[in-house]
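K.L.:
need a structure here:
(chains A and B)
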Amino acid sequence: EPEVTQTPSHQVTQMGQEVILRCVPISNHLYFYWYRQILGQKVEFLVSFYNNEISEKSEIFDDQFSVERPDGSNFTLKIRSTKLEDSAMYFCASALDRGAEAFFGQGTRLTVV
Amino acid sequence: GQNIDQPTEMTATEGAIVQINCTYQTSGFNGLFWYQQHAGEAPTFLSYNVLDGLEEKGRFSSFLSRSKGYSYLLLKELQMKDSASYLCAVPSGGYQKVTFGIGTKLQVIP
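P.N.:
Okay, the predicted model is just below:
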(Lines give C-alpha, C1' and ligand atoms only; values in the text may rest on other atoms or scores of the structure.)
Protein backbone atom coordinates (compact mmCIF):
# COMPACT_ATOMS: atom_id res chain seq x y z
CA GLU A 1 0.00 0.00 0.00
CA PRO A 2 1.40 3.44 -0.88
CA GLU A 3 2.54 5.50 2.05
CA VAL A 4 4.08 8.84 2.92
CA THR A 5 7.64 8.46 4.16
CA GLN A 6 9.54 10.94 6.27
CA THR A 7 13.20 11.19 7.16
CA PRO A 8 14.78 11.34 9.60
CA SER A 9 12.54 9.84 12.26
CA HIS A 10 14.41 11.77 14.96
CA GLN A 11 16.51 14.91 14.72
CA VAL A 12 18.33 16.66 17.53
CA THR A 13 19.71 20.08 16.72
CA GLN A 14 21.20 23.01 18.54
CA MET A 15 19.26 26.22 18.87
CA GLY A 16 20.00 28.53 15.97
CA GLN A 17 20.88 25.75 13.56
CA GLU A 18 19.06 25.07 10.31
CA VAL A 19 17.20 21.81 9.83
CA ILE A 20 15.62 20.24 6.79
CA LEU A 21 12.88 17.70 7.24
CA ARG A 22 12.23 15.46 4.27
CA CYS A 23 9.10 13.80 2.99
CA VAL A 24 8.20 11.63 0.04
CA PRO A 25 4.45 11.95 -0.56
CA ILE A 26 2.35 9.32 -2.28
CA SER A 27 3.30 9.47 -5.93
CA ASN A 28 -0.01 10.43 -7.57
CA HIS A 29 -1.03 12.90 -4.89
CA LEU A 30 -1.24 16.57 -5.74
CA TYR A 31 -1.67 18.32 -2.39
CA PHE A 32 1.03 18.35 0.25
CA TYR A 33 0.98 19.52 3.84
CA TRP A 34 3.14 20.02 6.87
CA TYR A 35 1.69 19.83 10.36
CA ARG A 36 3.33 19.89 13.74
CA GLN A 37 2.32 18.51 17.11
CA ILE A 38 3.98 19.71 20.27
CA LEU A 39 4.01 16.96 22.88
CA GLY A 40 0.60 16.66 24.50
CA GLN A 41 -0.98 19.28 22.28
CA LYS A 42 -3.12 19.26 19.18
CA VAL A 43 -2.06 18.77 15.60
CA GLU A 44 -1.44 22.20 14.08
CA PHE A 45 -1.52 23.12 10.42
CA LEU A 46 1.64 24.78 9.10
CA VAL A 47 1.39 24.96 5.32
CA SER A 48 -0.23 23.49 2.24
CA PHE A 49 1.43 23.21 -1.15
CA TYR A 50 -0.12 22.69 -4.55
CA ASN A 51 1.08 23.18 -8.10
CA ASN A 52 4.56 24.07 -6.90
CA GLU A 53 3.52 26.88 -4.65
CA ILE A 54 2.23 27.52 -1.18
CA SER A 55 -1.56 27.61 -1.25
CA GLU A 56 -2.16 28.42 2.39
CA LYS A 57 -0.09 28.89 5.53
CA SER A 58 -0.77 29.45 9.20
CA GLU A 59 0.49 32.19 11.47
CA ILE A 60 3.03 29.69 12.81
CA PHE A 61 4.66 29.48 9.37
CA ASP A 62 6.75 32.65 9.61
CA ASP A 63 9.89 33.69 7.73
CA GLN A 64 11.92 31.04 9.54
CA PHE A 65 10.05 28.33 7.66
CA SER A 66 10.15 27.42 4.00
CA VAL A 67 9.01 24.52 1.87
CA GLU A 68 10.28 23.13 -1.38
CA ARG A 69 9.52 20.42 -3.84
CA PRO A 70 12.96 20.18 -5.40
CA ASP A 71 12.12 17.28 -7.68
CA GLY A 72 9.13 15.14 -8.58
CA SER A 73 9.15 13.15 -5.39
CA ASN A 74 10.54 15.02 -2.39
CA PHE A 75 8.82 17.67 -0.29
CA THR A 76 10.93 19.43 2.31
CA LEU A 77 10.39 21.72 5.28
CA LYS A 78 13.29 23.95 6.26
CA ILE A 79 13.57 25.78 9.54
CA ARG A 80 16.32 28.38 9.18
CA SER A 81 17.22 29.16 12.76
CA THR A 82 15.64 26.75 15.19
CA LYS A 83 14.27 27.83 18.54
CA LEU A 84 13.58 25.72 21.61
CA GLU A 85 9.85 26.08 20.97
CA ASP A 86 10.22 24.44 17.56
CA SER A 87 10.65 21.10 19.35
CA ALA A 88 7.73 19.00 18.18
CA MET A 89 6.69 16.11 15.98
CA TYR A 90 6.45 17.28 12.38
CA PHE A 91 4.07 15.41 10.12
CA CYS A 92 4.01 15.53 6.37
CA ALA A 93 0.77 14.60 4.64
CA SER A 94 -0.47 14.28 1.09
CA ALA A 95 -3.87 14.07 -0.55
CA LEU A 96 -5.12 13.21 -4.00
CA ASP A 97 -7.48 16.13 -4.11
CA ARG A 98 -8.41 19.06 -1.94
CA GLY A 99 -10.97 18.01 0.62
CA ALA A 100 -9.88 14.39 0.27
CA GLU A 101 -8.47 12.39 3.14
CA ALA A 102 -4.89 13.18 3.92
CA PHE A 103 -2.37 10.40 4.39
CA PHE A 104 0.17 11.19 7.07
CA GLY A 105 3.77 10.14 7.31
CA GLN A 106 5.08 8.72 10.56
CA GLY A 107 6.59 12.04 11.52
CA THR A 108 9.98 13.50 12.40
CA ARG A 109 10.54 14.18 16.06
CA LEU A 110 12.58 17.38 16.24
CA THR A 111 14.31 18.24 19.48
CA VAL A 112 16.01 21.62 19.75
CA VAL A 113 18.53 21.88 22.56
CA GLY B 1 -11.74 31.10 11.72
CA GLN B 2 -12.41 27.67 13.05
CA ASN B 3 -13.07 26.52 16.59
CA ILE B 4 -13.48 22.88 17.61
CA ASP B 5 -14.52 21.44 20.96
CA GLN B 6 -14.37 17.83 22.02
CA PRO B 7 -13.94 16.11 25.38
CA THR B 8 -10.32 15.55 26.31
CA GLU B 9 -10.71 12.09 27.82
CA MET B 10 -13.17 9.20 27.89
CA THR B 11 -13.10 5.70 29.30
CA ALA B 12 -15.17 2.78 28.05
CA THR B 13 -15.32 -0.95 28.53
CA GLU B 14 -14.22 -3.55 26.03
CA GLY B 15 -17.19 -4.73 23.96
CA ALA B 16 -19.24 -1.63 24.70
CA ILE B 17 -20.29 1.30 22.53
CA VAL B 18 -18.87 4.79 22.94
CA GLN B 19 -19.87 8.10 21.37
CA ILE B 20 -17.31 10.87 21.00
CA ASN B 21 -18.82 14.28 20.39
CA CYS B 22 -17.43 17.25 18.53
CA THR B 23 -18.86 20.73 18.14
CA TYR B 24 -17.42 23.23 15.74
CA GLN B 25 -17.72 26.81 14.57
CA THR B 26 -16.45 27.61 11.13
CA SER B 27 -16.82 30.51 8.74
CA GLY B 28 -17.41 28.21 5.76
CA PHE B 29 -18.28 24.56 6.05
CA ASN B 30 -16.44 22.06 3.86
CA GLY B 31 -17.01 18.84 5.68
CA LEU B 32 -15.66 17.29 8.85
CA PHE B 33 -12.97 14.67 9.30
CA TRP B 34 -12.36 12.16 12.04
CA TYR B 35 -8.87 10.78 12.51
CA GLN B 36 -7.49 8.20 14.93
CA GLN B 37 -4.09 8.75 16.50
CA HIS B 38 -2.35 6.14 18.61
CA ALA B 39 0.20 7.49 21.05
CA GLY B 40 3.43 8.42 19.29
CA GLU B 41 2.03 7.70 15.87
CA ALA B 42 0.60 9.63 12.94
CA PRO B 43 -3.11 10.35 12.56
CA THR B 44 -4.97 7.92 10.32
CA PHE B 45 -8.16 8.75 8.47
CA LEU B 46 -11.44 7.37 9.75
CA SER B 47 -14.23 9.31 8.08
CA TYR B 48 -15.30 12.42 6.20
CA ASN B 49 -18.83 13.80 6.46
CA VAL B 50 -20.08 16.59 4.26
CA LEU B 51 -23.83 15.90 4.34
CA ASP B 52 -26.11 15.53 7.36
CA GLY B 53 -26.73 12.08 8.70
CA LEU B 54 -24.98 8.94 9.78
CA GLU B 55 -22.32 7.17 7.76
CA GLU B 56 -21.41 3.68 8.85
CA LYS B 57 -18.12 2.00 8.17
CA GLY B 58 -17.77 -1.30 9.98
CA ARG B 59 -17.51 -0.80 13.73
CA PHE B 60 -17.13 2.97 13.29
CA SER B 61 -19.89 5.40 12.34
CA SER B 62 -19.83 9.16 12.05
CA PHE B 63 -22.75 11.54 12.29
CA LEU B 64 -23.06 15.14 11.18
CA SER B 65 -25.59 17.90 11.81
CA ARG B 66 -24.55 21.04 9.94
CA SER B 67 -27.31 23.17 11.41
CA LYS B 68 -26.15 22.35 14.93
CA GLY B 69 -22.43 22.44 14.20
CA TYR B 70 -22.20 18.99 15.69
CA SER B 71 -20.68 15.63 14.87
CA TYR B 72 -20.07 12.42 16.72
CA LEU B 73 -18.01 9.32 16.18
CA LEU B 74 -19.60 6.09 17.32
CA LEU B 75 -17.41 3.11 18.07
CA LYS B 76 -19.11 -0.24 18.55
CA GLU B 77 -17.83 -3.53 19.97
CA LEU B 78 -14.87 -1.75 21.48
CA GLN B 79 -11.54 -3.51 21.40
CA MET B 80 -8.45 -2.79 23.44
CA LYS B 81 -6.68 -1.61 20.28
CA ASP B 82 -9.25 1.20 19.99
CA SER B 83 -7.47 2.96 22.84
CA ALA B 84 -6.22 6.08 21.06
CA SER B 85 -6.96 9.74 20.56
CA TYR B 86 -9.78 10.62 18.19
CA LEU B 87 -9.34 13.90 16.38
CA CYS B 88 -12.15 15.96 14.94
CA ALA B 89 -10.99 18.27 12.13
CA VAL B 90 -12.53 20.79 9.75
CA PRO B 91 -11.03 22.22 6.56
CA SER B 92 -11.02 25.89 5.75
CA GLY B 93 -13.00 27.53 2.98
CA GLY B 94 -10.34 26.65 0.46
CA TYR B 95 -10.02 23.10 1.82
CA GLN B 96 -6.32 23.61 2.21
CA LYS B 97 -6.03 24.38 5.90
CA VAL B 98 -7.38 21.71 8.21
CA THR B 99 -7.94 22.71 11.82
CA PHE B 100 -7.78 19.88 14.33
CA GLY B 101 -9.45 19.65 17.69
CA ILE B 102 -7.39 18.77 20.76
CA GLY B 103 -8.48 15.15 20.38
CA THR B 104 -10.39 12.86 22.71
CA LYS B 105 -8.18 10.33 24.41
CA LEU B 106 -10.17 7.12 24.69
CA GLN B 107 -9.10 4.45 27.11
CA VAL B 108 -10.69 1.03 26.65
CA ILE B 109 -10.61 -1.07 29.80
CA PRO B 110 -11.24 -4.80 30.18
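
K.L.:
wait, what's in contact with residue 86?
P.N.:
Just going to use chain A. Counting by CB atoms under 8 Å, 6 or more residues apart in numbering or on different chains, A:Asp86 makes contact with A:79, A:110, A:112. No exception for glycine: its C-beta is placed from N, CA and C like everyone else's.

K.L.:
actually chain B
P.N.:
Residues near B:Tyr86 by CB under 8 Å, 6+ apart: B:6, B:20, B:34-37, B:46, B:73, B:103-104, B:106.

K.L.:
surely A:Lys57 meets A:Glu44?
P.N.:
No - the pair A:Lys57 / A:Glu44 is not scored as a contact, 11.7 Å apart, by CB atoms under 8 Å.

K.L.:
circling back to that earlier point, and the contacts of B:Tyr86, which are buried?
P.N.:
B:6, B:20, B:34-37, B:46, B:73, B:103-104, B:106 (16 or more other CB atoms under 10 Å in any protein chain shown).

K.L.:
contacts only, for the nearest residue to A:Ser66 once chain neighbours are set aside.
P.N.:
Nearest-residue entry for A:Ser66: A:Lys78, 4.8 Å, with adjacent residues in sequence omitted and distances by CB to CB, 6 or more residues apart in numbering or on different chains. Residues in contact with A:Lys78 (CB under 8 Å, 6+ apart) are A:18-21, A:65-68.

K.L.:
give me the nearest residue to A:Thr111, chain neighbours excluded.
P.N.:
Using CB to CB, 6+ apart, the nearest residue to A:Thr111 is A:Val12, at 4.7 Å.

K.L.:
what's the spacing between B:Ala42 and A:Gln106?
P.N.:
5 Å (CB to CB, to the nearest Å).

K.L.:
the two: which is more packed in?
P.N.:
Using other CB atoms under 10 Å in any protein chain shown, the more surrounded residue of B:Ala42 and A:Gln106 is B:Ala42, with 22 against 17.

K.L.:
all strands for chain B, in order.
P.N.:
B:3-5, B:9-13, B:18-25, B:32-37, B:44-49, B:53-57, B:60-65, B:70-75, B:84-91, B:98-100, B:104-109 (DSSP state E).

K.L.:
burial count for B:Ile91?
P.N.:
Not quite, residue B:91 is Pro, not Ile. Neighbour count of B:Pro91, defined by other CB under 10 Å: 24.
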